[in-house]
Structures are given as C-alpha cells and as structure tokens.
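>>> structure for this input, please:
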Amino acid sequence: EVQLVESGGGLVHTGESLRLSCEASGFTFDDYAIGWFRQAPGKAREGVACLSTADDNSAYYLDSVKGRFTITSDSAKNTNYLQMNALKREDTGVYYCNTNILRIDYWGQGTQVTVSS
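Numbers count the residues shown, from 1 in each chain. Model (predicted):
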C-alpha cells in the first residue's frame, strides 16, 4: 500500500524557516517523482516543488518560491524534504506531498504551515 506521511509544519513568523518531511512507503522510492502542493483557505491547490526520479534528479519550483524553497530526497530513509526559508505570509496553507504511480495520484494527509507577521 502506497503511503505518504508529511510532518514538520507549524506556526512561524515571516522570514523564518521550516523543513517539511514526506516519508514514503509501499513503492520503490527512487523510481517516482515526488511533489509538494499547498492549499490556502479559499484557494485552489497549487504545485510548489517537484523532484524527479533518482536517475534524473531535476527539481522544479513555483516561481514565487524559487530561491527560498529547496526540495531534496534521502533514498536511504525513503523521505523527501522541502526546506522553506524566508517564509512569507502568502506561504500559509496546508502542504501535501504527492506521487503519481501508473496514473494514480497518491497524497499524504497534509501538514499545516502558518506564517504570521
């Protein structure tokens, strides 16, 4: 069974940092891309960052987070990380990790990130 479990969210002030973790199980971690999405209240879910498979290891970012967020993976721990620096109020939302296997999207339960001024 594919499972994704996020952790690391919290309440921080603008300019501070958080590191989100996505622990994966039930599939070959290195063979699939992992993405992070977020959803703010009243807004649609949006893609924030994505890391391709271990063979390619390319990273993609939402324009508004480029230079502030970094996505990485630790294959030994089957865990993907989203390092978020210089957080802004507009980064507030529930953050979800995602993978797509054989055209099926799998999601974690989400972790809340709240950035206050």
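>>> quick check on the residue lying closest to Asn85 once chain neighbours are set aside: phi, psi?
The spatially closest residue to Asn85, leaving aside those adjacent along the chain, is Ser17, at 4.7 Å (Cβ to Cβ, 6 or more residues apart in numbering). (Each C-beta comes from the backbone N, C-alpha and C, glycine too.) Backbone dihedrals for Ser17, given as degrees, to the nearest 10, come out at phi -130, psi 160.
>>> tell me who's in contact with the residue nearest to Gly108 when sequence neighbours are not counted.
Nearest residue to Gly108, sequence neighbours excluded (Cβ to Cβ, 6+ apart): Leu4, at 3.8 Å. By Cβ atoms under 8 Å, 6 or more residues apart in numbering, the contact set of Leu4 is 22-24, 97-99, 106-108.
>>> by neighbour count, which of these wins?
Most neighbours among the contacts of Leu4, by other Cβ atoms under 10 Å: Cys97, with 29 neighbours.
>>> leaving out the residues flanking it, which one is nearest to that residue?
Cys97 sits nearest to Cys22 (Cβ to Cβ, 6+ apart), 3.5 Å away.
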